[in-house]
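[1] can you look at this prediction? I've put the sequence above it.
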Amino acid sequence: MPEMNLVQAIQQGLATAMRQDPDVVVMGEDVGRLGGVFRVTQGLRDEFGAGRVLDTPLSETGILGTAVGMALHGMRPVSEIQFADFIYPGFDQLVSEASKYRYRTAGEFHVPMVVRTPYGGGIRGGQYHSQSPESLFIHTAGLKVVCPSNPYDAKGLLLSAIHDDDPVVFFEPKRVYRAVKMDVPEEAYEIPLSEAKVVRPGADVTCVAWGAMLYEAYAAAESVSSEDIDVEVLDLRTLWPLDLDAIVQSVKKTGRLVVVHEAPKTCGYGGELVALVTERAFLHLEAPPRRVTGWDTPFPLTHEHEYLPLQHRIVPALRETARY
Amino acid sequence: MPEMNLVQAIQQGLATAMRQDPDVVVMGEDVGRLGGVFRVTQGLRDEFGAGRVLDTPLSETGILGTAVGMALHGMRPVSEIQFADFIYPGFDQLVSEASKYRYRTAGEFHVPMVVRTPYGGGIRGGQYHSQSPESLFIHTAGLKVVCPSNPYDAKGLLLSAIHDDDPVVFFEPKRVYRAVKMDVPEEAYEIPLSEAKVVRPGADVTCVAWGAMLYEAYAAAESVSSEDIDVEVLDLRTLWPLDLDAIVQSVKKTGRLVVVHEAPKTCGYGGELVALVTERAFLHLEAPPRRVTGWDTPFPLTHEHEYLPLQHRIVPALRETARY
Amino acid sequence: MQVIREDGTLDPGFDPGLSVDQVVALYKAMVRTRIVDDRLERLQRQGRIPFHVGSLGEEAAIVGAAAALREQDWIVPCYREVGALLWRGYPLQQYVDHMYGNAGDPIHGRQMPDHTFSLAHRYLSVSAPIGTQIPHAVGLGWAARHKGLDECVGVFFGDGATSSNDFHAAMNFAAVYETPTLFLCRNNGYAISLPVEEQTAARSLTDKAGAYRMPASKVDGNDVLAVWQAVRDAMKRATGGGGPTFVELMTYRLGGHSTSDDPRIYRSEDEVESWRRADPLDRVRKHIDQQGAWDDTLDADWRAVCDEEIRACVRAAEEKPPPALDTMFGDVYAEQPAHLREQQADCELTRRGEEG
Amino acid sequence: MQVIREDGTLDPGFDPGLSVDQVVALYKAMVRTRIVDDRLERLQRQGRIPFHVGSLGEEAAIVGAAAALREQDWIVPCYREVGALLWRGYPLQQYVDHMYGNAGDPIHGRQMPDHTFSLAHRYLSVSAPIGTQIPHAVGLGWAARHKGLDECVGVFFGDGATSSNDFHAAMNFAAVYETPTLFLCRNNGYAISLPVEEQTAARSLTDKAGAYRMPASKVDGNDVLAVWQAVRDAMKRATGGGGPTFVELMTYRLGGHSTSDDPRIYRSEDEVESWRRADPLDRVRKHIDQQGAWDDTLDADWRAVCDEEIRACVRAAEEKPPPALDTMFGDVYAEQPAHLREQQADCELTRRGEEG
Ligand SMILES: Cc1ncc(C[n+]2csc(CCOP(=O)(O)OP(=O)(O)O)c2C)c(N)n1
Ligand SMILES: Cc1ncc(C[n+]2csc(CCOP(=O)(O)OP(=O)(O)O)c2C)c(N)n1
Ligand SMILES: [Mg+2]
Ligand SMILES: [Mg+2]
């Protein structure tokens, strides 16, 4: 099995899906000739031609609105939004159209599209190249939201997303793009959506994370193990629909929860997870669930490592939660 | 003091602000000649002229983007978005520009604009004339979010919003527009932002609501009082920045919390409120905080009264929470 | 462009060469559309349905355009084009059931009235946000060509929609990718209360097509044959690989924007009256009368048939129960996820019936 | 439109009649802009600053346009126009401090490099999302007129931005409200990797102005005098109550899109070379040389001055500490709300320094 980083694994996933099905097309700004600003779609135009790898004009409304139309005709477009921060000009097409088409036609029409977009900080991107807007899409009934943390999951989840009959927003942790390498099968395989993964079993505290912050959560868990705090780390992988049972089971065991995410705290996904767990496992809670998140400010540049919920902020949260 | 309904009170508030300050202008679709589809801006064009009451082309991007520019030049534009459901085409201007301008210029520039928009269900508006997207804006650092429940508060909060130096999204409960009448002073007065109000003191359960659902929460509280359940009802009035102390104080007294809102449950504001209270008042909680909200589906038509968190759904939640 | 002249004769230069029976069929469809419209308007005033958005005065633009397309071509509607859907044979009963949001409504009362769709009739789903359907027509056309299908796509939208984000994006993408898309702009003079003159500084909406180097035509939208011809020409261009066309259908909204509107606030009775005299039904009627293919008796009979048809549908619709409560929780995703199963159970448990 | 001919002489038909000293000033500003650009590019390659987006080859379009506006006129930038800000006298040290996001950065390292602004210089704030600044220029112009001020607004954007929602909305609103707004489109041939020919089917971006019935002019953007004249004409129209103008500045991005880009992937060296021969600096240099107002010695001296200036600023910038941590929590609102006070305290408590 070849070693791949996240970029290569996603590129592979796209190529695999395109070989399997001529109705899978890739579209977005600079995805063709350039191969994407992060080179995720590199080589696709050479293999599949400009007819299936569309360099689009600079319009997220056009990219997503046209993709909805393609999907309505039975295609499986995979749109790239160059940075998650730039999805807002096309927001309406996802929130008003893609997400509601099945419901408002009782399933007569549906929209099997995937929107790939790099999200998150840690690459000196500042205010507009670092955002994590996942909660806006989780709030929108009809959308599925996926966020892989590693190359193996990325390829398997991407293939599931492309084959899924509902619109999926696929967040890619750009901070991890080239930072992690692992063995990834050349052949096609799928990782089912809505299945979280225990990446570190533990007995004392449940720590839920996804994407780039999974590594910070894991590192924090490792570092407090020396203090006899045994942390169970969950990688959500699919954010919505959620594998709630996996979290609740874990919390019923540990009685403690810490959620980590990059997005600003207020109305971020962490609040929802804390609320769900408090509703479901109230009598098992031995400490108040904690959130370690981005602050409620725009995303900064110079101090981004103080903005992000990195290990140095997760560790005290785990400690205080464990010792509560 | 004359009696006014919500529409009249807001119309009065606008007229008052426009008389006080020539730099207050009103703009939006059909706000001029027609006086708005809900007649909220009726008469303004006659009094202030088409030069200060702009009937705009059909573009929320234009309405909000132009308003940002006006505000950057020291004006105080009040934009109307005809229905909250139609704010998404202009979402980018609020999320990427209005909310971040002060931060990214260290206060050298700021954007004192107000975006008025009718929200919520119960008027047979179906999927696209009933939405409550408040959590998307609460999640966006730099925006303030207001939602009055009655005519008196509406006028006072609107004047505070217009005089506020930051962008404010002002959600108007269209279901209440003509349903409630009360005495409203003719003269100018302000109700400070970020101050919640106890509309019904109680000892057993804290029930938090705002806008149209405040009345349902209140009615539910009244109806369970016969069962010896004494509910304290809070009207948030300003959703963000939040008067968290008011909620926490109440919950420390009652030990129980029920949050009511129309928006879909998942990643709605209720999750955030439950998480905040659990973080702050964990040891005082005698029951799991509950959410009574819209379902995680698009907003329906025929069954909207089963979709909305009306009295019939709040009552059992209060009961179970009180008896937990 | 005009085909039917004042005196009812056809301009030989533009005569589309339809048989008189075909023209009669167009007229009958326009009459039927109007009678249905009229009935629904009354029902709304009587509080029997919550809402209606009609096409009074725009029937020629709608029926003429639909008729010029072929069975395999797609129609992407705005919200006033049910006449096009009925032209394609959509069951009237189903439409009326939808207007009532009853158990017979294909979408179980999930949307406001007049939010129709039909895969069988290649008619996409109406949604309220202005403009959002326009890029869909580009993607649909792109896909049709990609699949090698002989299809084109006609998308309806109003003058107001030409100010939207989606219009700009869709026009640009269609022109860049040369998709077989027909941009059918119903210029009915108003976006609710805003006259088209205040929506843009352009003298004609066809000027907007120039920004994308897209061929454009402007036709008398109250002349059903002119509409037919213009749309047929655009269809031929599109299916012949000539790319998209912008067609401006000059018409007028004789009624209110919807049953919620009071147009007297923003326009004069004189203006409306002058357009009433340009009624698209009278226009074609005069022609088929001249041809000896139609007369007052036939007309009265047909109107009676249409009237009885809609009345019967209304009677049937009013006897149907509301959709089952569980329909509110279906079709959010292909398969119902756990959280919706739970919410459905919760909803059924606390259903309003119990409480009051 | 062109003013400076191949041979360096001016076309008398278009001669803006600037004094030779004024033209020399333009040239010097262009040289300074390029030297600063060049230095920052190196610093980024050396990893001393995280990012830079330059204006190599576009200096005439940027400096010429800025010079044609008056002190009281507003500039609404895209992200390549720091040359316009420097022309207005913005302190170079402050710019360099911003590039380093250090304690001297007016925004405390809150944005990526090249996201400048200055109220004092009537220069709005650069933000990354393409197109969002365009409607601001409409609102700003609307407000200026409302307040009875003799101001106009010049907004810069690229060819790629003409596909954006905001462009469509802003052009329409400006034309409808006749705001004193100058739409300054730097057509540098590319939106990152996408050539302008693939962004639109239109032959010229000026065709887009026609959709809004807005006057448009197209000028050689590498001819600083042609740019000056076209923008000055537009300014006069705007301030004379003639409304907005679209000005297409035909130029070419000689460098990468930004320091993150590798243009060799999507364009040929020949293409770039042919544009190098049309360098906007050489063009005006030839003219002032001819006029006897400039020569190699003066040129070398000026370049040395600029070089020393930027080097000194860099030295100073590199000695400054990062901004204080608490600056991350300021200016979200006019007054810091309780939740941000708490988060700031929390952040200071767990600051990375402590942990590792
Ligand atoms: C994005 C959006 N903004 C506002 C509205 C409210 N609205 C509904 S119809 C309409 C006017 C549409 O005018 P036009 O496009 O000319 O179509 P017509 O109704 O005249 O056929 C408006 C403003 C909406 N539905 N969507
Ligand atoms: C809404 C949005 N989408 C995508 C991007 C990514 N992006 C940054 S610059 C750029 C190209 C801009 O091209 P153009 O407008 O011609 O300006 P130029 O860089 O050529 O000066 C793109 C696609 C963005 N910044 N904003
Ligand atoms: Mg119209
Ligand atoms: Mg460019």
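    Yes, it's here. No experiment lies behind these values; they were computed from the predicted model shown. Ligands and ions are numbered 1, 2, ... in the order given.
[2] all strands for chain C, in order.
    With strands called from DSSP state E, chain C shows them at C:74-76, C:153-158, C:181-187, C:190-191, C:194-195, C:216-220, C:245-250.
[3] export the ones you listed to CSV and tack on distance to A:T266, mean pLDDT and mean neighbour count?
    Every residue, glycine included, has its C-beta placed from N, CA and C. Converted to CSV, these look like this (distance: least, Cβ to Cβ, whole Å; pLDDT from 0 to 100; neighbours: other Cβ atoms under 10 Å in any protein chain shown):
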stretch, distance to A:T266, mean pLDDT, mean neighbour count
strand C:74-76, 39, 98, 27
strand C:153-158, 38, 98, 28
strand C:181-187, 42, 98, 29
strand C:190-191, 37, 98, 23
strand C:194-195, 37, 98, 19
strand C:216-220, 48, 98, 21
strand C:245-250, 45, 98, 26
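[4] now do the contacts for A:R52.
    A:M18, A:P22, A:V24, A:V25, A:V26, A:L44 (Cβ atoms under 8 Å, 6 or more residues apart in numbering or on different chains).
[5] mind checking which of those residues are in strands?
    A:V24, A:V25, A:V26.
[6] who's the last one bridged to?
    Residues in a beta bridge with A:V26, per DSSP bridges, are A:V53, A:V78.
[7] that one contacts A:G43, doesn't it?
    No - between A:V26 and A:G43 there is no contact under Cβ atoms under 8 Å: 11.3 Å.
[8] out of those two, name the residue with the larger neighbour count.
    A:V26 (25 against 13; other Cβ atoms under 10 Å in any protein chain shown).
[9] next one: the more buried one relative to A:G51, how far apart?
    11 Å (Cβ to Cβ, to the nearest Å).
[10] likewise C:N188?
    38 Å.
[11] what of C:P244?
    Distance of C:P244 to A:G51, given as Cβ to Cβ: 18 Å.
[12] contact partners for A:H303?
    A:H303 neighbours (Cβ under 8 Å, 6+ apart): D:G109, D:P322, D:P323, D:L325, D:T327, D:M328.
[13] residue contacts, A:T105?
    Here A:T105 is in contact with C:P106, C:I107, C:F117, C:L119, C:S125, C:D331 (criterion: Cβ under 8 Å, 6+ apart).
[14] does the lengthiest strand in chain A come close to chain B?
    As assigned by DSSP E, the longest strand anywhere in chain A is strand A:257-264. Yes - contact of strand A:257-264 with chain B is found when judged by Cβ under 8 Å from any Cβ of the partner chain, involving A:A263, A:P264.
[15] kindly export that strand (C-alpha atoms) in PDB.
    Output of strand A:257-264 as PDB, limited to C-alpha atoms (Å, rounded to 0.1, in the frame of the first residue of the first chain):
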ATOM      1  CA  LEU A 257     -16.700  15.500  28.300                       C
ATOM      2  CA  VAL A 258     -14.400  17.900  26.600                       C
ATOM      3  CA  VAL A 259     -15.300  19.000  23.000                       C
ATOM      4  CA  VAL A 260     -12.600  20.700  20.900                       C
ATOM      5  CA  HIS A 261     -13.100  22.700  17.700                       C
ATOM      6  CA  GLU A 262     -11.600  25.600  15.900                       C
ATOM      7  CA  ALA A 263     -14.800  27.500  15.100                       C
ATOM      8  CA  PRO A 264     -15.700  30.300  17.500                       C
END
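[16] correct me if wrong, but A:R280 is in a helix.
    Yes - counting by DSSP: H, G, I helix; E, B strand; the rest coil, A:R280 is found in a helix.
[17] comparing C:N188 and A:G51, which residue is more hemmed in?
    The neighbour count for C:N188 versus A:G51, taken as other Cβ under 10 Å, is higher for C:N188 (24 against 11).
[18] please verify my assumption that that one contacts C:F156.
    No - using Cβ under 8 Å, C:N188 is not in contact with C:F156; the gap is 11.2 Å.
[19] how many neighbours does C:D296 have?
    C:D296 has 8 nearby residues by other Cβ under 10 Å.
[20] need the per-residue pLDDT for it.
    Predicted confidence (pLDDT) at C:D296: the value is 98.
[21] whichever residue of chain A sits closest to ligand 4 and D:G160, how far apart?
    As assessed by Cβ to the ion, ligand 4 sits closest to A:L58 within chain A, at 9.1 Å. Counting by Cβ to Cβ, the gap between A:L58 and D:G160 amounts to 4 Å.
[22] for C:D261, grab phi and psi.
    phi -100, psi 150 (degrees, to the nearest 10).
[23] I'd guessed it sits against C:I192; true?
    Yes - C:D261 lies in contact with C:I192 (Cβ under 8 Å); the separation is 6.7 Å.
[24] find residues that contact each of those two.
    In contact with both C:D261 and C:I192: B:V37, using Cβ under 8 Å, 6+ apart.
[25] who has more neighbours out of those two?
    Neighbour totals were compared for C:D261 and C:I192, and C:I192 leads with 22 against 19 (other Cβ under 10 Å).
[26] give the contact list for that one.
    Contacts for C:I192 (Cβ under 8 Å, 6+ apart) come out as B:E29, B:D30, B:L34, B:V37, C:G160, C:H257, C:D261.
[27] can you tell me the SS state at the third one?
    Reducing the assignment to helix, strand or coil with three-state DSSP, the entry for B:L34 is coil.
[28] what about it, how many neighbours?
    Around B:L34 there are 22 residues (other Cβ under 10 Å).
[29] spell out which parts of chain A neighbour ligand 2.
    A:E29, A:L58, A:E60, A:Q82, A:F86, A:P89 (Cβ under 6 Å from any ligand atom).
[30] inside helices: which ones of those?
    A:E60 (DSSP state H).
[31] what is the nearest of the residues of chain A next to ligand 2 to A:L301?
    Proximity of these to A:L301 (Cβ to Cβ) peaks at A:F86, which lies at 17.4 Å.
[32] center of chain A - which residue?
    Geometric centre of chain A, nearest residue: A:C147, 1.8 Å, by Cα atoms, centre = their mean.
[33] so for it, what's the pLDDT?
    For A:C147, the model assigns a pLDDT of 98.
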